[in-house]
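Peer 1: curious how this folds, go ahead:
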Amino acid sequence: MPREGKTIDSLLKVQQSIDPPPAFRERAWVKGEELHRLAEKDFEGFWAKMAADLVTFRAPWTKVLEWDLPHAKWFVGAKLNVAENCLDRHVQSWRRNKAAMLWEGEPGDRRVVTYQELCDETCRAANALRSLGVRRGDRVTISMPMVPELAATMLACARIGAPHSVIFGGFSAKSIADRILDTESKVVVTADGGFRRGNVVRLKDLVDEALGIAKGVVENVLVLRRTTHDVRMRAKRDLWWHDLVPEQPRECPAEAMDAEDMLFMLYTSGTTGKPKGIVHTTAGYLVGAATTHKYIFDLKDDDVYWCTADIGWITGHSYIVYGPFANGATVVMYEGAPDHPKPDRFWQIVERYRVNTLYTAPTAIRAFMRWGDRWPKGHDLTSLRLLGTVGEPINPEAWLWYHRVIGGGRCPVVDTWWQTENGMILITPLPGATRLKPGSATTPFPGIAARVVDSEGKEVPRNTGGFLVLTRPWPGMLRTLYKDPDRFVSQYWSQVPGAYFTGDGARQDEDGYFWLMGRIDDVINVSAHRLGTMEIESALVSHPAVSEAAVVGAPHEVKGQCVVAFVLLKSGQSKTKRLRDELKAHVKKEIGSLAVPETVYLVDKLPKTRSGKIMRRVMRAVVSGEDVGDVTTLEDPGAVDEVRAWLKALKK
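Peer 2: Okay, the predicted model is just below:
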């Protein structure tokens, strides 16, 4: 069972609740319980209405839902194309010349991209991919900076029916290679590099290194020139975007896709060393993303909407690209870091583009708090009317600061819970209708059924910690794990009978509001990015000096959690600071900078059971300053004292 930690206890003691401002409620799409009542009265009818209202189909569905636990099919028999929904239908309306994107690069360069321009670029990119032999069903790997061409490439893949795999720019060459090999991608689309905190992230070099590992899979690499630094172009394999894409026709017939055809796969860390390829399909995913985007962010046609996530994560897929463009929104996209060149970069952007909706992570909010109020107070933020958070539970102090300092006390805060696997927001306030409690994601979105249960699947009493499960299918749900259907069943559908096991802990308070408690498995949530402990441990053990490693997450005031590693060295190795730094650099090379341990402890023993299982629960408790609980099953309880001694020594 999840621990009933101090953080959640403090959350539950927050008495303050905040009603939607009357002026906001007056204009809101949802002012009361009407959507919830509609969904509870006719669950399938609710989603059918959302689909009919927000998505254009080439052929209608014959059945809303086929459900054979754990396998779901939504809008069975329907035909559609996601790119047509995100672009063509807007181009055929008054939105043709509306800004689809307000883009800003970290160095300060800016572009306004209209729906017509985005549609043209998407069609050219789609034709370019077809000229390279990409056909319906072929996979395309994308590793690009946050530039408009990234969105165009994703939509180009959707247009021709080629599932895409977008890779976050912080991953190592080996991680990129693993994903390319798993997807068997025919083409990789990348850039010479991108900008981050004034430095160039050399993406093409990483791709080249990855293809040195994943040999014989990729036929072509399409390279966007972004930074203009020199890169090596391999003859016949590598092509410049500016040589191939602009010469293509700006019309490209779109494939009529089946509702259940794969739209994309997105890799996320799990409790084993192998990343999971989450498979999302076409109709259900688009309906879920468009519906939640419209109603949770109370989208209006004149809104300027900014989700600060990277498109390499699911938040960027659903709430920068597919949901917003399906709804015809104007999206702000920013390439770089929030504190470059100064800690007011976000507030400059809000002021410059008159942003109305800001959706960001608690990690960022805590960093803003640490940098001080003077940075946001130096800018005009009065355009903001709605704030959102995503990625991890937000503590009440950060929630209240966000509401007061950034929102001026006038903006509802939609604290949202969902996962890569979910595809869409599942637990959230509706900003014109829900009374808010700082720190709580409040209640499930209409049509979503969630419960908090014990290890036997029985619902727990209110204000008691348990496992968060979902008891009813939803349109955006993952359909399987790519090439691993057995793991899909065992990981998500075998823990609690008849329910989807989220892997998160939660409580419900006396009003039925959900308070999320974070991960209950061996996944660490660093700055809203999920990292598998086994993947990091495998990287550490691959170092020639290491015999064994154990990794846990520890509380971090900015990141939410940080990685802490306990390492046993091989005989003859010395415990030096140089070696600790070398191990951190090794993890960065093997996986990426996000996975680098905050601290590496070089120890003589690890807390293990008599059967040899490492007791990560004990180690998490020690690094978190909590009671370690029962240690009678440990082979050597003295190992706990050694861990404590290292903590004490390194804090001096």
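Peer 1: in stretch 328-345, which residues are buried?
Peer 2: Using 16 or more other C-beta atoms under 10 Å as the test for burial, stretch 328-345 gives 328-339, 343-345. Placement of C-beta: from N, CA and C, glycine included.
Peer 1: so where is this protein shaky, pLDDT-wise?
Peer 2: For the chain, the stretches with pLDDT under 70 are 1-15, 269-273, 522, 534, 608-613, 628-652.
Peer 1: leaving out sequence neighbours, find the closest residue to residue 536.
Peer 2: Leaving out its chain neighbours, the residue that sits closest to residue 536 by C-beta to C-beta, 6 or more residues apart in numbering is residue 551, at 4.6 Å.
Peer 1: so where do the strands sit in the stretch 401-550 of the chain?
Peer 2: In the stretch 401-550 of the chain, the strands defined using DSSP state E, counting those that start in this stretch lie at 413-415, 450-453, 466-470, 480-481, 500-508, 514-519, 523-526, 529-532, 546-556.
Peer 1: reformat those as JSON lines; add mean neighbour count and distance to residue 44.
Peer 2: Output for the strands of the stretch 401-550 of the chain, formatted as JSON lines (neighbours: other C-beta atoms under 10 Å; distance: least, C-beta to C-beta, whole Å):
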{"stretch": "strand 413-415", "mean neighbour count": "23", "distance to residue 44": "26"}
{"stretch": "strand 450-453", "mean neighbour count": "21", "distance to residue 44": "18"}
{"stretch": "strand 466-470", "mean neighbour count": "23", "distance to residue 44": "16"}
{"stretch": "strand 480-481", "mean neighbour count": "22", "distance to residue 44": "22"}
{"stretch": "strand 500-508", "mean neighbour count": "23", "distance to residue 44": "18"}
{"stretch": "strand 514-519", "mean neighbour count": "22", "distance to residue 44": "24"}
{"stretch": "strand 523-526", "mean neighbour count": "22", "distance to residue 44": "33"}
{"stretch": "strand 529-532", "mean neighbour count": "23", "distance to residue 44": "31"}
{"stretch": "strand 546-556", "mean neighbour count": "21", "distance to residue 44": "39"}
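Peer 1: relative to residue 236, which of those strands is closest?
Peer 2: strand 480-481 (34.5 Å; C-beta to C-beta).
Peer 1: pull up the pairing partners for that closest one, direction included.
Peer 2: Strand 480-481 pairs in its sheet with strand 276-281 (antiparallel), by DSSP bridges.
Peer 1: what lies in contact with the strand it pairs with?
Peer 2: Strand 276-281 is contacted by residues 74, 165, 179, 182-183, 259-270, 314, 420-421, 423, 476, 478-484, 487, 491 when judged by C-beta atoms under 8 Å, 6 or more residues apart in numbering.
Peer 1: now for the closest residue in space to residue 403 that isn't next to it in sequence: which residues touch it?
Peer 2: Spatially, and ignoring its direct neighbours in sequence, residue 403 is nearest to residue 413 (5.3 Å; C-beta to C-beta, 6+ apart). By C-beta under 8 Å, 6+ apart, the contact list for residue 413 reads 387, 388, 389, 399, 402, 403, 407, 429, 436, 438.
Peer 1: quick one, domains of the chain?
Peer 2: What automatic domain parsing lists as the domains of the chain is 115-255, 523-651.
Peer 1: could these go into JSON lines alongside distance to residue 444?
Peer 2: Below are those laid out as JSON lines (distance: least, C-beta to C-beta, whole Å):
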{"stretch": "domain 115-255", "distance to residue 444": "28"}
{"stretch": "domain 523-651", "distance to residue 444": "21"}
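Peer 1: highest average neighbour count across the ones you listed?
Peer 2: domain 115-255 (a mean of 20; mean count of other C-beta atoms under 10 Å).
Peer 1: tell me where the stretch 251-400 of the chain has helices.
Peer 2: 283-296, 314-316, 323-326, 345-353, 362-371, 374-377, 396-401 (DSSP state H, counting those that start in this stretch).
Peer 1: how about these in TSV, adding distance to residue 58?
Peer 2: Shown next, in TSV, are the helices of the stretch 251-400 of the chain (distance: least, C-beta to C-beta, whole Å):
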stretch	distance to residue 58
helix 283-296	11
helix 314-316	26
helix 323-326	15
helix 345-353	35
helix 362-371	40
helix 374-377	46
helix 396-401	43
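Peer 1: nearest to residue 55, of these?
Peer 2: Residue 55 lies closest to helix 283-296 among these, at 5.6 Å (C-beta to C-beta).
Peer 1: and the closest one with strand 276-281, angle?
Peer 2: In terms of direction (axes from the mean of the first three to the mean of the last three C-alpha atoms, to 10 degrees), helix 283-296 departs from strand 276-281 by 90 degrees.
Peer 1: what about residue 58, how many residues nearby?
Peer 2: When counting by other C-beta atoms under 10 Å, one arrives at 12 neighbours for residue 58.
Peer 1: and the helix ranked longest in the chain, what other elements does it pack with?
Peer 2: Ranked by residue count, the top helix of the chain under DSSP state H comes out as helix 115-131. With contacts taken as 3 or more C-beta pairs under 8 Å, 6 or more residues apart in numbering; DSSP states H and E, helix 115-131 sits against helix 89-91, strand 99-104, helix 148-160, helix 241-244.
Peer 1: gap between the second one and the chain center?
Peer 2: So the one you mean is strand 99-104. Remark: strand 99-104 is offset 21 Å from the chain centroid, using C-alpha atoms, centre = their mean, to the nearest Å.
Peer 1: OK, contacts around residue 560?
Peer 2: By C-beta under 8 Å, 6+ apart, the contact set of residue 560 is 362, 363, 391, 392, 393, 518, 525, 526, 527, 528.
Peer 1: what's around the closest residue in space to it that isn't next to it in sequence, how many residues?
Peer 2: Of all residues beyond its chain neighbours, the one nearest residue 560 is residue 392 (4.6 Å), with distances taken as C-beta to C-beta, 6+ apart. Neighbour count for residue 392, taken as other C-beta under 10 Å: 23.
Peer 1: who's in contact with residue 392?
Peer 2: Residues in contact with residue 392 (C-beta under 8 Å, 6+ apart) are 361, 362, 363, 516, 518, 525, 528, 560, 561.
Peer 1: to residue 445, which of the helices of the stretch 251-400 of the chain lies closest?
Peer 2: Nearest to residue 445, of the helices of the stretch 251-400 of the chain and by C-beta to C-beta, is helix 283-296 at 6.2 Å.
Peer 1: same for the closest one, what does it pack against?
Peer 2: helix 43-54, strand 71-76, helix 323-326.
Peer 1: tell me which residues of that helix are tucked away?
Peer 2: 283-296.
Peer 1: coming back round to it: now tabulate the helices and strands packed on helix 283-296 in CSV and tack on mean neighbour count.
Peer 2: Shown next, in CSV, are these (neighbours: other C-beta atoms under 10 Å):
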stretch, mean neighbour count
helix 43-54, 18
strand 71-76, 21
helix 323-326, 27
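Peer 1: can I get these in JSON lines with distance to residue 86?
Peer 2: Below are the helices and strands packed on helix 283-296 laid out as JSON lines (distance: least, C-beta to C-beta, whole Å):
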{"stretch": "helix 43-54", "distance to residue 86": "12"}
{"stretch": "strand 71-76", "distance to residue 86": "17"}
{"stretch": "helix 323-326", "distance to residue 86": "4"}
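Peer 1: can you give me the neighbour number for residue 60?
Peer 2: When neighbours are counted by other C-beta under 10 Å, residue 60 registers 11.
Peer 1: just the one 3 residues further on next, same as before
Peer 2: Summarising burial for residue 63: neighbours were counted as other C-beta under 10 Å, giving 13.
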